[in-house]
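Asker: any chance you can model this:
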Amino acid sequence: MSAGRSTRSLLARAGLSVLGGILAWATLTYVSFWQVRLHGARLSRRFPGWLVPKPFRVLPPPESEYVGVWSVPPETARDRLVEEHGFNQMIRAYLHAYEREGTVLYEVASCSYRPGGRFGRWQLHVRLFPTPDGKTDVWCHWELNPNVAPIAHLRQEGYDPEGGERRLRELLEDVTFERTDDAIA
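Answerer: Residues are numbered from 1 along each chain as shown. Okay, the predicted model is just below:
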């Protein structure tokens, strides 16, 4: 009887592991990082800040990171960063949102460009937000890569919004960003 129960238990655990693997594969295949982050941010905002651990709180982006409005939809901006300029979408970054004209605008992309590769020392971190008129608000900064220097990254050592904007403009030399102050809360 004990052998039968342990066999069933083993099969159940194996089945759950396989099911978990299939769910993880399906999620990573059919759901984009930005969608996971967007739903997480919306869920997080429903709770009082003191109940939500800091890594999961929704924060406004720092004013110093604001670059301007890119006159393309967020989907186009995100695709161009990833496909044409070698950016990677990030799952592991603080969630951001802010209000503009009475509407909460959630980040729809958090992308990094690492000139030295995945384990290079530095990264350009770019965040994209939809504007009410279908364009894209762009925010960015230059910082230490958390894959290489996680503690220094959290301490914001080397954090440089101006350097980030300069590097972004160099990478996207054909893009003009319209500066608008109503994005800055």
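Asker: any idea how far H141 is from the residue most central in space within the chain?
Answerer: Note on the chain: the residue nearest the mean C-alpha position is S110, at 2.7 Å, using Cα atoms, centre = their mean. Using Cβ to Cβ, to the nearest Å, S110 is found at 12 Å from H141. Every residue, glycine included, has its C-beta placed from N, CA and C.
Asker: what are the phi and psi values for P74?
Answerer: The phi and psi values for P74, taken as degrees, to the nearest 10, are phi -50, psi -40.
Asker: that one reaches F129, doesn't it?
Answerer: Yes - shown here, P74 and F129 form a contact pair, counting by Cβ atoms under 8 Å, at 7.3 Å.
Asker: for stretch 159-171, which positions count as buried?
Answerer: If you call a residue buried by 16 or more other Cβ atoms under 10 Å, then stretch 159-171 has these buried ones: 159-161, 163-165, 167-168, 171.
Asker: of those, which pair is most distant in space?
Answerer: Within these, Y159 and L171 form the most distant pair, 18.8 Å apart (Cβ to Cβ).
Asker: A strand includes L105, no?
Answerer: Yes - assessed by DSSP: H, G, I helix; E, B strand; the rest coil, L105 belongs to a strand.
Asker: list the contacts of the nearest residue to A149 once chain neighbours are set aside.
Answerer: The shortest distance from A149 to any non-neighbouring residue, by Cβ to Cβ, 6 or more residues apart in numbering, is to R121 (7.1 Å). Applying Cβ atoms under 8 Å, 6 or more residues apart in numbering to R121 gives the contacts 144-145, 148-149.
Asker: now R121: how far from Y94?
Answerer: In terms of Cβ to Cβ, R121 sits 21 Å off from Y94.
Asker: my read: the residue nearest to the centre of the chain touches F87, true?
Answerer: No - the pair S110 / F87 is not scored as a contact, 9.9 Å apart, by Cβ under 8 Å.
Asker: give me the common contacts of the two.
Answerer: Joint contacts of S110 and F87 (Cβ under 8 Å, 6+ apart) are V126.
Asker: burial measure for N147, as a count.
Answerer: 16 (other Cβ atoms under 10 Å).
Asker: can you check the one 4 residues further on too?
Answerer: If you count neighbours by other Cβ under 10 Å, I151 ends up with 9.
Asker: where does it land in three-state SS?
Answerer: Using three-state DSSP, the structure places I151 in helix.
Asker: again, but for L168
Answerer: Reduced to three states by three-state DSSP, L168 is helix.
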